[in-house]
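1. Pasting a predicted model and its sequence here:
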Amino acid sequence: IRDTMTMAVDDIDRPSQEERDSHFKPGSIKRVKLTNFLTYDSVEFYPGSRLNVVVGPNGTGKSTILCAICLGLGGQPPLLGRADDARLFIKHEKEQAIIELELAPHFKQNGRPEAMHVIKRVIDRDRGSENGKGAGASTFFINGHKSTLKSVKELVTDRYHIHIDNLCTFLPQDKVGNFSGFDKQALLVETEKSLSGHLYNTHNDLIELEKALHTTGTDVASIGNELEKLKKENERLEREKELMEERQSYIERIDLLKKKRAWLIFDIKRTEAKELKEHREELKKQKKEAEKGLRPLAEKHATVEGDVSRIQSRYKSLDAKGKKDHKAFEGCINKVDLYGEAIDAEVSDYETIDAAQRRAEKAVEKEQRRLTEIENEGTQFPPLEEIDQIIKQSQLEMRSLKSKMSGEKDKIRGVVAQIEGAKGE
C-alpha cells in the first residue's frame with residue numbers, strides 16, 4: 001500500500017516554476033527580505049500569487065511586514081501613522097536596516113516575462129539631518145544599481161500602478177480611522193485611483209462635461225438674440241472691410257504716385273546733372289585758355305620770385321655780416337674804452353713817477369750841493385765813508401726810479417700801439 005501511494009504521489013503533475021510565476025499579476029510582491037528592521041534581525045519569505053494572510057500573536061512583527069512593504073515601495077513614514085523618521089525603523093543597537101522587495105514582471109506578447117525589478121532600500125542611522133526628520137538617510141537601489149526616490153516612485157506608480165499613498169490600496173493599522181471617515185464620493189474617488197488612473201481621469205472628464213452642460217444656455221430666444229447680435233456685428237465688420245479695402249486701394253495708389261514722383265525727380269535731377277556736366281566742361285575749357293594767357297605772366301612771376309629769392313638770400317648774408325661786424329665794432333669800442341681807461345691809469349702813474357723823478361733830481365741836486373758844501377767845509381761834516389754811503393744809496397734810488405719810469409713808458413707805448421691797431425681795424 002505504501003509503494004502504491006508513493007507512486008500515486010509521484011504521478012501527480014506539479015506546475016513548473018514558470019507556470020507558478022505566470023499566476024502572479026504584474027507588480028505582485030514575490031519576495032520580501034528584511035535585515036535589522038524593527039523586530040527582525042534577518043528574514044526572507046515568498047508571498048503567494050493570490051491572497052496572503054499573516055497570522056501571529058501581538059508583537060510578533062505582523063505590522064512590521066506591512067511597514068517594510070510601504071517603505072520599500074518608496075512610501076514615507078507619515079503614511080504609516082507611526083513615526084516621521086525612517087531611522088526609527090532600524091532595529092535597536094543596529095546602524096543600518098535593509099528592505100528588499102521583488103516585484104512580478106509584465107509579460108511580453110509572446111508570453112515570456114520581461115525583466116524583473118528588485119527594489120532595495122538601505123536606511124542608515126548616521127545619515128540624514130536631525131531637523132529634516134531623517135531626510136537623506138535612505139539609499140535606493142533598482143536591480144542592484146543605485147537610484148533615487150523619484151525613480152522608485154515612477155517605477156512603482158507608472159509602471160506597476162501601485163499607489164502606496166491610497167488607503168484603498170494600502171491601509172495601515174493606524175490609518176483605519178481615516179479610512180472610515182471617507183464619504184461615498186471620496187471612497188469612490190479613492191477606489192477609482194486604486195483601480196485605474198484612466199478610470200479616475202474619465203470620471204473627472206464626465207464631471208466637467210456635466211458642469212458645462214448645466215452652464216450652457218438652452219433658451220432658443222437667447223440664441224436668436226445672439227444670432228441677431230452676430231448678424232449686426234457681421235454687417236458692421238462688412239462695412240469696415242469695405243472701408244479697409246478702399247483704404248488699401250488709396251494706399252496702393254499713393255504708393256504708385258510716390259514711385260512716379262520719385263521717377264520724375266530722378267529725370268529732373270538727371271537733366272540738371274547733364275547740364276552741370278556740360279557747364280563744367282565749358283569751365284574746364286575756359287580754365288585752359290586762361291592758363292595759356294597766364295603762362296607768360298607765370299614765367300615772369302617765377303623769374304621775379306627767383307630774383308626776390310636771390311636778393312633775400314644776399315640780404316640775409318649781408319645782414320648777418322653786418323650784425324657780425326657791428327658786434328666786432330662794439331667789441332673794439334669796448335676794448336678802446338678799456339684801453340683808454342688803462343692809458344689814463346698809466347698816464348696818472350707816469351705823472352706820479354715823473355713828479356717823483358723831479359723830486360728825486362731835486363733831492364740829488366740838493367745832496368750834491370750839500371756834498372759840495374760838505375767838501376768845502378771839510379771836517380765840519382760827517383766822515384767821508386758816511387757821505388759815500390749816502391751818495392750810493394741816493395744813486396741806487398735814482399736808478400730804481402729811472403727803471404720804473406722806463407717800464408711805465410714801455411707800457412704806455414704798448415697801449416698806444418694797441419689803440420692804433422684797433423682804430424685801423
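-> Great, that's in hand. Numbers count the residues shown, from 1 in each chain.

2. which helices and strands does the longest helix along the chain pack with?
-> In the chain, taking DSSP state H as the definition, the longest helix is helix 220-377. On a contact count with 3 or more CB pairs under 8 Å, 6 or more residues apart in numbering; DSSP states H and E, helix 220-377 meets helix 384-424. Where C-beta positions appear, they are placed from N, C-alpha and C, glycine not excepted.

3. what angle do the helix it packs on and helix 220-377 make?
-> Interaxial angle, helix 384-424 versus helix 220-377 (axes from the mean of the first three to the mean of the last three CA atoms, to 10 degrees): 140 degrees.

4. and helix 384-424, average pLDDT?
-> Helix 384-424 comes out with an average pLDDT of 74.

5. and it, how far out from the chain's middle?
-> 101 Å (CA atoms, centre = their mean, to the nearest Å).

6. again, but for stretch 294-311
-> 68 Å.

7. CA atoms only: put it into CSV for me.
-> Listed in CSV are the C-alpha atoms of stretch 294-311, where the atom choice follows Å, rounded to 0.1, in the frame of the first residue of the first chain:
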residue,chain,number,x,y,z
LEU,A,294,48.6,133.4,-67.8
ARG,A,295,51.6,131.3,-68.7
PRO,A,296,53.9,134.3,-69.7
LEU,A,297,52.9,136.1,-66.5
ALA,A,298,53.6,132.9,-64.6
GLU,A,299,57.0,132.6,-66.1
LYS,A,300,57.7,136.2,-65.4
HIS,A,301,56.4,135.7,-61.9
ALA,A,302,58.7,132.7,-61.4
THR,A,303,61.7,134.8,-62.7
VAL,A,304,60.8,137.6,-60.3
GLU,A,305,60.4,135.1,-57.5
GLY,A,306,63.8,133.8,-58.3
ASP,A,307,65.3,137.3,-58.2
VAL,A,308,63.5,138.1,-55.0
SER,A,309,64.8,134.8,-53.5
ARG,A,310,68.4,135.7,-54.5
ILE,A,311,68.0,139.2,-53.2
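
8. in it, what counts as buried?
-> Residues of stretch 294-311 classed as buried by neighbour count (16 or more other CB atoms under 10 Å): none.

9. go on, stretch 35-49?
-> Those would be 35-38, 40, 47, for stretch 35-49 by 16+ other CB under 10 Å.

10. can you check stretch 154-167 too?
-> 155-157, 160-164, 166-167.

11. so which pair among those residues is furthest apart in space?
-> Largest separation among the buried residues of stretch 154-167 by CB to CB: L155 and L167, giving 21.6 Å.

12. distance of E420 from R413?
-> Per CB to CB, to the nearest Å, E420 is found 11 Å from R413.

13. Likewise for D267?
-> Distance from D267 to R413, counting by CB to CB: 108 Å.

14. And for K241?
-> In this view, K241 and R413 are 135 Å apart by CB to CB.

15. Shouldn't E100 be within a strand?
-> Yes. Under DSSP: H, G, I helix; E, B strand; the rest coil, E100 falls within a strand.

16. Now do the same contact list for the nearest residue to it once chain neighbours are set aside.
-> Nearest residue to E100, sequence neighbours excluded (CB to CB, 6 or more residues apart in numbering): K33, at 4.2 Å. By CB atoms under 8 Å, 6 or more residues apart in numbering, the contact set of K33 is 43-44, 98-101.

17. need these in JSON lines with pLDDT and distance to A186, can you?
-> Formatted as JSON lines, the contacts of K33 follow (pLDDT from 0 to 100; distance: CB to CB, whole Å):
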{"residue": "V43", "pLDDT": "91", "distance to A186": "36"}
{"residue": "E44", "pLDDT": "92", "distance to A186": "38"}
{"residue": "I98", "pLDDT": "93", "distance to A186": "36"}
{"residue": "I99", "pLDDT": "93", "distance to A186": "31"}
{"residue": "E100", "pLDDT": "93", "distance to A186": "34"}
{"residue": "L101", "pLDDT": "92", "distance to A186": "29"}
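
18. Please tell me the pLDDT value assigned to Y350.
-> pLDDT recorded at Y350 is 75.

19. Count residues in the vicinity of the nearest residue to it once chain neighbours are set aside, would you?
-> Distance criterion CB to CB, 6+ apart; nearest residue to Y350, sequence neighbours excluded, is E408 at 5.3 Å. Applying other CB atoms under 10 Å, we find 17 residues neighbouring E408.
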